[in-house]
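>>> structure here, sequence nowhere to be found:
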């Protein structure tokens, strides 16, 4: 695959990009170099803020509003994009360079049919007539193994699932058979099982048409499957670049090594509680529904003090609904929830303040879960005041104590507002807010999935330490099995509103598994660059779509 | 039944309920007008007997709820009673006037709505340019000037100085349609100026609001030219707020034109209402208010339906 004999398609030299903030232009990409040959796939990897997307868009001569290319050169097939007028740049976009966005659901226009959006570029460039373009679209849909390729394009985006939309978007990028496609985190928003289908589809089609690609992601294991070579970025600087295999085997820079090492955090499984131990929370045979749609069926599990129960499953499997039942936001139809052996009223309104205090939540999006107009001191102080009745100096001491507990300097953070904090810091504030009520049980709903791996690991370590210090029981909702491996004691696997399998972590990660657990486990990308190929061969390449739906 | 029809029927039912609530408000608001109706109609020289006779004739000796029910049952079949001043049937007194008002509103709307939306699209396309700023200033000027002031300015320019259009829009005898349009041009133009600005600003805002969406960026990255990004990708998703503000302004064209009608001496329903209030002709006042309320409700209903019909999620359920 590495094709040194092929001609250079894209050459970026000393690229500098500035962003406008606080009334001045600040450099956010500091001189990045990049060379891409025809048919070659380059993986761009780094944490958020590394400038991956910005560089990817710059390869199309595009800068988002509030950004500008301030220096260096972007040479695409002999054409200098930084000095090319807008109209000529537009003529390249969609025809010779195409873009696949992170969220297909948000990037398809809700007002038009999928196929009309697909044929827009070929019609605009007068490459094909409408019918030809539609036929070509259907052929691409078939190659990307979309169900009903002849019909699916005539649906509106909201009528198609996320994984299918992501493949339709890849098909759309292929519409004019471009020389280069920029994939901007195309599978980040997908479940692991869906991710495999999309990864395989992208890899196949890029190979079939010998398209060059820049594959942007923060997931090393994913990029290992896709890229011929990998470039690591940090805060707009290049860290290092190497062919995929040598990069995985022998990273040179410390930062790259630290990225590779992230997945090593693993806590020992605690010994299971005795049979007579009373769980903090016991969910017993609950059914729940939204309106007429049944979403939970006969779900039972227990969470013991000082232990972590990880609830895993794809989106729509009922993980978060189970949490809503426990907190009383969604009263179950049947079954009951016990706290330390006593049943809790199904509705939160009927629960006492003491019962409410005992179960707290930490949310996925710390951004939206914290009121941006309220000071940190008030965000954390409010539950301490509400449940603990603390006031004045005592309240301030408690808030300081909580900030210490989450490893944030009280004097620095006490008076600040959420928008001034980084993602990881915000999530820590979310944790402190939950702790302020002094609960026995905390529901962590995908708390690390919006965070970069290094930051996420910090949060996991913090949660782990707090559990040991305060003997907390955690219900950890996640779709990320690496996280489960890291911190769970007991694992509950859910699918379509049912618990398909549960048991201690060590058992769950050792075969034999329930087929669905097996599918979930085997779908988690591994660092081995041949992992996807091997897996597809095992599952039978021609029916990966089917394999993921077992 | 399709979900769209169910939603529309629900809205229609709610609209009728609202109209009913408003009819109660109108009736009792008119009841609360200060002074005695019989006294106002007969004037200072009336004797006690005359007053009592008139009260009985009008049914004023009966309790208010009974009179409300009588009025409502009449109104349901289009009978709003008779005018206290002229003795004419209210429905007849109103129908001609209301047709005139609707004509003027339609005249203004036919000009204002397309102009506002097209201008809104253009300023969205040329946002942050000189053209955008100038139209912004002109729009705000038009919004903030009272319509009688705009009306007099137009009369000064077009009627007095240029002599191109008549200053008074009195309708008489048989005018041809073209003559009618010519004669009522100035009042229509005044109303256009008042409503265009609001709709244009809203169109601009609704479109610009969407420009940060990922699908707009996608359209740009597919090489779509700026006009296509706005017209083909942003506008279809911006209809709901635009339709709402258009409906609001159409309602204003029907119900808010009193001053324009007075300035141009146009025989519309607004003038009739003003006259009726000053003469305590309460059956006419009530009927006018009820018609205004119904207009508002109908147009808002139409806006809701329009917003639903432009939403693909509702038009094409999963």
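Arrived safely. Predicted model, so just to flag it, every value in this text is computed and none were measured.
>>> neighbours of residue A:407, how many?
Residue A:407: 12 surrounding residues under other CB atoms under 10 Å in any protein chain shown. Just so you know, the C-beta spots here come from the backbone N, C-alpha and C atoms, and that holds for glycine as well.
>>> please report the distance of it from residue A:462.
7 Å (CB to CB, to the nearest Å).
>>> find the residues that touch each one of these two.
Counting by CB atoms under 8 Å, 6 or more residues apart in numbering or on different chains, the shared contacts of residue A:407 and residue A:462 are residue A:428.
>>> give me the nearest residue to residue 185, chain neighbours excluded.
Picked chain A for this. Spatial nearest neighbour of residue A:185, excluding adjacent residues (CB to CB, 6 or more residues apart in numbering or on different chains): residue A:102 at 4.2 Å.
>>> I was thinking of chain B, sorry if that wasn't clear
Leaving aside its chain neighbours, residue B:185 sits nearest to residue B:165 (4.9 Å; criterion: CB to CB, 6+ apart).
>>> am I right that the one you found is in a strand?
No. Assignment of residue B:165 by DSSP: H, G, I helix; E, B strand; the rest coil gives coil, placing it outside any strand.
>>> got the contact list for it?
So residue B:165 contacts B:158, B:159, B:182, B:183, B:185, B:186 (CB under 8 Å, 6+ apart).
>>> residue A:60 versus residue A:96, what's the distance?
Residue A:96 is 9 Å from residue A:60, by CB to CB.
>>> the two - which one has more neighbours?
Counted by other CB under 10 Å, residue A:96 and residue A:60 do not tie: residue A:60 has more neighbours, with 25 against 19.
>>> bridged to the nearest residue to that one once chain neighbours are set aside, which residues?
Nearest residue to residue A:60, sequence neighbours excluded (CB to CB, 6+ apart): residue A:97, at 4.9 Å. On the basis of DSSP bridges, residue A:97 is bridged to residue A:93, residue A:180.
>>> for residue 182, which three-state class applies?
Answering for chain A, as no chain was given. strand.
>>> so the nearest residue to residue A:143 once chain neighbours are set aside, which state does it fall into?
Sequence neighbours aside, residue A:205 is the residue nearest to residue A:143 in space, at 6.1 Å (criterion: CB to CB, 6+ apart). Look at residue A:205: counting by three-state DSSP, its state is helix.
>>> run through the residues that contact residue A:205.
Going by CB under 8 Å, 6+ apart, the list of residues near residue A:205 reads A:140, A:143, A:144, A:170, A:171, A:174, A:211.
>>> again, 7 Å this time
Contacts for residue A:205 were tallied using CB atoms under 7 Å, 6 or more residues apart in numbering or on different chains; they are A:143, A:144, A:170, A:174.
>>> with secondary structure and distance to residue B:219 added, can I get those residues in JSON lines?
As requested, those are arranged in JSON lines below (DSSP: H, G, I helix; E, B strand; the rest coil; distance: CB to CB, whole Å):
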{"residue": "A:143", "secondary structure": "helix", "distance to residue B:219": "24"}
{"residue": "A:144", "secondary structure": "coil", "distance to residue B:219": "21"}
{"residue": "A:170", "secondary structure": "helix", "distance to residue B:219": "17"}
{"residue": "A:174", "secondary structure": "helix", "distance to residue B:219": "17"}
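>>> follow-up on the earlier one: which of the contacts of residue B:165 lies closest to chain A?
residue B:185 (37.4 Å; CB to the nearest CB).
>>> quick one: the closest one from residue B:4, how far?
Taken as CB to CB, the span from residue B:185 to residue B:4 is 39 Å.
>>> more neighbours: which of the two?
residue B:185 (19 against 15).
>>> tell me how far the more buried one lies from residue B:170.
Counting by CB to CB, the gap from residue B:185 to residue B:170 is 14 Å.
>>> could you do residue B:9 as well?
For residue B:9, the distance to residue B:170 - CB to CB - is 43 Å.
>>> what does the stretch 151-300 of chain B put close to chain A?
B:214, B:215, B:218, B:219, B:221, B:222, B:223, B:224, B:225, B:233, B:236, B:237 (CB under 7 Å from any CB of the partner chain).
>>> low-scoring pLDDT stretches of chain A, where are they?
A:1-5, A:261-265, A:540-550 (pLDDT under 70).
>>> what sits up against the helix or strand bottoming out on mean pLDDT in chain B?
None of the helices or strands of chain B scores lower by mean pLDDT, DSSP states H and E than helix B:37-42, at a mean of 71. Outside helix B:37-42, the residues within contact range by CB under 7 Å, 6+ apart are B:46, B:50, B:51, B:54, B:55, B:60, B:84, B:280, B:282.
>>> so what pLDDT did the first one get?
Read it as residue B:46. You'll see residue B:46 listed with a pLDDT of 74.
>>> give me phi/psi at it?
phi -70, psi 140 (degrees, to the nearest 10).
>>> burial count for it?
Neighbours of residue B:46 (other CB under 10 Å): 16.
>>> you'd agree residue A:216 is in a strand?
Yes. Counting by three-state DSSP, residue A:216 is located in a strand.
>>> beta-bridge partners for it, please?
Under the criterion used (DSSP bridges), residue A:216 bridges to residue A:44, residue A:184.
>>> please look at it and residue A:46 and confirm they touch.
No. At 8.8 Å, residue A:216 does not count as touching residue A:46 under the criterion of CB atoms under 7 Å.
>>> which residues do these two both contact?
With CB under 7 Å, 6+ apart as the test, residue A:216 and residue A:46 both reach residue A:52.
>>> nothing else from me, thank you.
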